[in-house]
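Q: please work out how this folds:
(one chain, ligands or ions: 1)
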Amino acid sequence: MYDFIKTEFIEPGVGLIRLNRPKELNALSPELMAELGAALVDFDADEAVGAIVITGNERAFAAGADIKAMANAGAIDMILDDPIDDWSQIHQITTPIIAAVSGHCLGGGCELAMSCDIIVASESARFGQPEINLGIIPGFGGTQRLTHAVGKGIAMEMVLAGRVLDAEEARHHDLVNHIYPLETYLDEALKLAAKIAAQAPLAARMGKEAVNQAFELRLAQGLTYERRLFQMLFATTDQKEGMAAFIEKRKPLWTGR
Ligand code: DAK
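A: Take a look at the predicted model:
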């Protein structure tokens, strides 16, 4: 069904998307990004999917946007043919998303990983925003989300000098949650996704939404936003079920309602 990605449903409840342009180190061409956007929307609409994992291969998560596809573009082309809708699709997705990263995770690839909710890395993962080497700067959050994650000093070095962080440095600077050996990083990401997918679906989606609002709102507004979502969850069957199950010392059976 897709040419540049592969999708798979993994029981119980995980949608897996593999970026699949291995010869080009998964360079994010417009066609690939359109397919990724469509796959994310499909998984997000599927009630059987409680978490999504995006991965590449051992050598590259993604080495950035496709340089060959944009080399001859002018500023007017970048404005009129702005592919931002396909790229931004990921920010509309309410299902929790994990990036399982190995190898090169550069430029738009790093920005894509940072657009996910959690990053799990292999020991060989390398994160960078090397756009400066091409005479440009990041254009999809690499100066903003990166700075929120790693702080100003490291972000400046990455954006201005093209510094690349290895997996340990990325974890040290809070870009990455976990590092695993190459052989197991994807399984570990899928395990974490399955754990999220096993939670009450509406609570998981609202938890994601509330945490993301921490980057958008001032504290007082964020606390109000959180409280409203918290209150709203008391309208769900799953809240009644979760609390009854605790009191009755049994496992809850979620209905997503
Ligand atoms: N684009 C196109 N092709 C790429 C590529 C890329 N980003 N990265 C690698 N490739 C291709 C290479 O051209 C090569 O193809 P052939 O020559 O075999 O045809 C093949 O992948 C293997 O790459 P190498 O031979 O270079 O492999 P090495 O192991 O020697 O080096 C490398 C690996 C990752 C260090 C190197 O390939 C490299 O430096 N790649 C470029 C990394 C980079 O500069 N990335 C940032 C790109 S700019 C936007 C959203 C996002 C963006 C822009 C706009 N909007 C929504 C508007 C993002 C911009 C970027 O990401």
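Q: beta partners for residue 60?
A: residue 104 (DSSP bridges).
Q: that one and residue 107 touch, don't they?
A: No. Assessed by CB atoms under 8 Å, residue 60 is found out of contact with residue 107, at 11.5 Å. Backbone N, C-alpha and C define where each C-beta goes, glycine included.
Q: around the ligand, pick out the residues from the chain.
A: Neighbours of the ligand within the chain, by CB under 6 Å from any ligand atom: 24-25, 27, 63-68, 82-84, 87, 104, 106-108, 111, 130-131, 133-134, 139-140.
Q: are any of those residues buried, and which?
A: Neighbour counting with 16 or more other CB atoms under 10 Å marks 24-25, 27, 63-66, 83, 87, 104, 106-108, 111, 130-131, 139-140 as buried within the residues of the chain next to the ligand.
Q: filter those down to the ones in strands?
A: Members of these lying in strands (criterion: DSSP state E): 104, 106.
Q: residues touching residue 245, list them.
A: With contacts defined as CB atoms under 8 Å, 6 or more residues apart in numbering, residue 245 is in contact with 251, 252, 253.
Q: what about 7 Å?
A: Residue 245 makes contact with 251, 252 under the criterion CB atoms under 7 Å, 6 or more residues apart in numbering.
Q: over to it. Which of the three states is it?
A: Of the three states, residue 245 takes helix under DSSP: H, G, I helix; E, B strand; the rest coil.
Q: now do it against residue 233, distance only.
A: Between residue 245 and residue 233 the distance is 15 Å, computed by CB to CB, to the nearest Å.
Q: in stretch 197-210, which residues are buried?
A: Residues 197-208, 210 are the ones in stretch 197-210 that count as buried (16+ other CB under 10 Å).
Q: next one: stretch 167-178
A: In stretch 167-178, counting by 16+ other CB under 10 Å, buried: 167, 169, 170, 171, 173, 175, 176, 177.
Q: where do the helices sit along the stretch 1-150 of the chain?
A: In the stretch 1-150 of the chain, the segments counted as helices under DSSP state H, counting those that start in this stretch are 30-45, 67-70, 75-80, 84-88, 108-115, 145-150.
Q: give me whichever of the ones you listed is most buried.
A: Most buried of those by mean neighbour count (mean count of other CB atoms under 10 Å) is helix 108-115; its value is a mean of 27.
Q: ok, and what's touching that helix?
A: Residues from elsewhere that reach helix 108-115 (CB under 7 Å, 6+ apart): 28, 61-65, 90-91, 99, 101, 105, 119, 127-129, 138, 140-142, 145-146, 149.
Q: got the angle between it and helix 30-45?
A: 10 degrees (axes from the mean of the first three to the mean of the last three CA atoms, to 10 degrees).
Q: could you pull up the mean pLDDT of helix 108-115?
A: Average pLDDT, helix 108-115: 98.
Q: show me how far that helix is from its chain's centre.
A: Centroid separation for helix 108-115 versus its chain: 7 Å, with CA atoms, centre = their mean, to the nearest Å.
Q: for the ligand, what is the nearest residue in the stretch 101-250 of the chain?
A: Closest to the ligand within the stretch 101-250 of the chain is residue 107: 2.4 Å, counting by CB to the nearest ligand atom.
Q: so how far is residue 130 from that residue?
A: Distance, residue 107 to residue 130, by CB to CB: 6 Å.
Q: now swap in residue 173 and tell me
A: Between residue 173 and residue 130 the distance is 17 Å, computed by CB to CB.
Q: now swap in residue 83 and tell me
A: 20 Å.
Q: which non-adjacent residue is nearest the residue nearest to the spatial centre of the chain?
A: The chain has residue 116 as the residue nearest its centroid, 1.4 Å off, counting by CA atoms, centre = their mean. Distances taken as CB to CB, 6 or more residues apart in numbering place residue 99 nearest to residue 116, at 3.9 Å, with adjacent residues excluded.
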